[in-house]
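Colleague: The following comprises the amino acid sequence and a computationally predicted model.
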Protein chains: 2
Amino acid sequence: MEKKGLTYRDAGVDIDAQDEALRRIKELVESTRTAGVLADLGSFGGLFRPPIEGLAEPVLVASADGVGTKLKAAFASGIHDTVGRDLVNHCVNDILVQGARPLFFLDYVATGRLEPGVLASVVEGLAAGCRENGCALLGGETAEMPGFYADGEYDVAGFIVGLVDRGAVLDGSAVREGDLLIGLPSSGMHTNGFSLARKILFEIAGLGIDDPIDELGETVGEVLLAEHKSYLPALSGALGRMHALAHITGGGLTDNLPRVLPDGCAVRIDRAAWEVPALYRYLATRGGVEEDEMFRTFNMGIGMVAIVAPDEAAALERHLDEQDEAHLRIGEVVSGDQEVRYV
Amino acid sequence: MEKKGLTYRDAGVDIDAQDEALRRIKELVESTRTAGVLADLGSFGGLFRPPIEGLAEPVLVASADGVGTKLKAAFASGIHDTVGRDLVNHCVNDILVQGARPLFFLDYVATGRLEPGVLASVVEGLAAGCRENGCALLGGETAEMPGFYADGEYDVAGFIVGLVDRGAVLDGSAVREGDLLIGLPSSGMHTNGFSLARKILFEIAGLGIDDPIDELGETVGEVLLAEHKSYLPALSGALGRMHALAHITGGGLTDNLPRVLPDGCAVRIDRAAWEVPALYRYLATRGGVEEDEMFRTFNMGIGMVAIVAPDEAAALERHLDEQDEAHLRIGEVVSGDQEVRYV
């Protein structure tokens, strides 16, 4: 055997392991194929024919996001097939609030040392999320960056593109004083507030990822990895009934609702309209976190808010009932300066 | 002063510093605005009206990418305003090879501790790259992930969407035996081969980021941070003359040319057609890297390859001359099994 000299592999990049993972990923990607997809993964970029027939003025809506430090819970628990669905659903919700339905999604996964099994698990979650939202996983980038990420760790980002007819864009301009706020329950912390939650659970409460939280009847890992749900199935058929939709992400109800309020409007939120989930009461108590801070860090049990004219509320609620989606009237639009008042 | 309890800031997320950076970023984003952009940054997702008028069958082409370990050179040198342009140009080139012109770009920047000045420098590079390619910086995500990235370090990913009429998609299916390969010089290592180059320069040669490399007349930092160029300005007006375009990224000429070759075709590359830049000769010598490995790790001086019918070559070369773009006939398409033969 000749000495073959320094290779790219010696520098920490294992091209064969990467190829094996890419083969598995390609199968997962295939499982998300929709009618618009034109090209195979092997090409430089994904090709997609948007279904613009019948639209007066097609508008693309795009958004980028990550999972944040929720990933640390995946690393600690060794469960890697849920963060992908979190990410896709987060992105789907972000463009849904502008009235758009998803066309395609691309991922970026960066890691220190490639672990093909872990990578494939991440993509399993991404592909599942894409399939459930009728969204093609059109491509992505897997970056092996030795000396950059800790062994066994990775970051994942997602990019989504959706389509809406310009006349159907939801931008909050139709919101009026007297409109009602209909809140849809969240399915856990979604993808926000994890830095604070981890500090409280691990540092202050001294818990480990597999420890039970008696007050909640769940382990720390179960609480942290609860999946961020997609509101597309529940809301897709009722977008025309709304004046605005707000996805309650980082900043909570406090910072996200003002983003869809026109000048002269504020919202009044009735704190008694829903019971804040036990998780947030536990975090507030254990962490000594004040209520204001809780409401601008966590979703507090409400993941999406629809703002509707009073005479549309009942029809939207019937639609949500038909979709087996829970809903709560949590407040109303009042006169004010694009702020949230809790009463 | 009351003790206000634990806040999100205590957990390592500085929302005010983030807001300040976002204000600067918003100005930079504004500087990239094109006719298609419909929404402001504050909304949940960016809105873009694609210019589909006159296209028989509009097709979107999307690609995701990162900068890889080239970022380590930015960290070491403290120069953060070039990697953004690298990333945009890389993405632009990736969709250009399918015949698409860019519409918009989104970024994902993740960091451990937010340094607003550094972040703004990164976005300056992204915005400059977008402006130079007529591409809107439509949005993005800045993720502050304490305990995830080392202080002063970050990762950046990009996502691009372009437009092409279906009949103008370049997919290599038109490539025929006898076609000529016209190579366009690279502007350095672009964004590939950095793990190996860093190992050779820092570990084997024992150099520091500011050390001169006598053989090259440049410092290590200058060599590593040379910007990845965009081939859009040179090639945009001549896409109709080509049978295929290949962007020479990870895998080099060896792995990227086969991606655009149809069944029954191979390429013969004339190694004497161009002088491999001194940088690669230096790296091969210092690292003891064999030529095969060099050609599948680095671009070896050729950043883009156009494959054209013999009777179109002269017209393409005239076009490139008019654009002040250098070009070299580096080989031809021969009968074979989608491989690259160096002669």
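Modeller: Received the coordinates, thanks. Residues are numbered from 1 along each chain as shown, chains lettered A, B, ... in the order given.
Colleague: For burial, what's the neighbour tally of the closest residue to A:Phe298 other than its chain neighbours?
Modeller: Among residues not flanking A:Phe298 along the chain, A:Gly193 sits closest, at 4.4 Å (Cβ to Cβ, 6 or more residues apart in numbering or on different chains). Every residue, glycine included, has its C-beta placed from N, CA and C. Residues near A:Gly193, counting by other Cβ atoms under 10 Å in any protein chain shown, number 29.
Colleague: For A:Gly193, list the residues it contacts.
Modeller: Shown in contact with A:Gly193 (Cβ atoms under 8 Å, 6 or more residues apart in numbering or on different chains): A:250, A:297-299, B:8.
Colleague: now A:Gly125, what's its secondary structure?
Modeller: helix (DSSP: H, G, I helix; E, B strand; the rest coil).
Colleague: mind checking how far A:Gly125 is from chain B?
Modeller: In this view, A:Gly125 and chain B are 17 Å apart by Cβ to the nearest Cβ, to the nearest Å.
Colleague: Taking the contacts of A:Gly193 together, which two end up most distant?
Modeller: A:Asn299 and B:Tyr8 (13.7 Å; Cβ to Cβ).
Colleague: picking that back up, quick one, grab the pLDDT at the residue nearest to A:Phe298.
Modeller: pLDDT, A:Gly193: 92.
Colleague: So which of the contacts of A:Gly193 sit within strands?
Modeller: Residues of these located in strands (DSSP state E): none.
Colleague: Going by distance to B:Asp179, which of the residues you listed wins?
Modeller: A:Gly250 (51.9 Å).
Colleague: how about the nearest residue to that closest one, chain neighbours excluded?
Modeller: Using Cβ to Cβ, 6+ apart, the nearest residue to A:Gly250 is A:Asn192, at 4.6 Å.
Colleague: Now name the helix or strand holding the residue most central in space within chain A.
Modeller: Nearest residue to the geometric centre of chain A (Cα atoms, centre = their mean): A:His90, 1.5 Å. Following DSSP states H and E, one finds A:His90 within helix A:83-96.
Colleague: was I right about A:Val67 contacting A:Asn89?
Modeller: No - A:Val67 is beyond contact range of A:Asn89, at 10.7 Å (criterion: Cβ atoms under 8 Å).
Colleague: circling back to that earlier point, what about the residue nearest to A:Phe298, distance to B:Ala143?
Modeller: Applying Cβ to Cβ, to the nearest Å, the value for A:Gly193 to B:Ala143 is 14 Å.
Colleague: Around chain B, which positions in the stretch 201-343 of chain A sit nearby?
Modeller: Within reach of chain B by Cβ under 8 Å from any Cβ of the partner chain, the stretch 201-343 of chain A has these residues: A:204, A:247, A:259, A:287-290, A:293, A:296-297.
Colleague: For chain A, which segments are assigned as helices?
Modeller: Remark: helices assigned in chain A by DSSP state H are A:15-30, A:70-77, A:83-96, A:116-132, A:194-198, A:220-225, A:232-235, A:252-256, A:278-287, A:291-295, A:310-322.
Colleague: Of the ones you listed, which is nearest B:Ala128?
Modeller: Taking Cβ to Cβ as the criterion, helix A:83-96 is the member of the helices of chain A that comes nearest to B:Ala128, at 26.7 Å.
Colleague: mind listing what's buried in the lowest-mean-pLDDT helix or strand in chain A?
Modeller: Least confident element among the helices and strands of chain A, by mean pLDDT, DSSP states H and E: helix A:15-30 (a mean of 80). By neighbour count on 16 or more other Cβ atoms under 10 Å in any protein chain shown, the buried set for helix A:15-30 is A:15, A:17-18, A:20-22, A:24-25, A:28-29.
Colleague: what's the neighbour count on the residue nearest to A:Ser335 when sequence neighbours are not counted?
Modeller: Spatial nearest neighbour of A:Ser335, excluding adjacent residues (Cβ to Cβ, 6+ apart): A:Glu177 at 5.5 Å. Neighbours of A:Glu177 under the rule other Cβ under 10 Å: 12.
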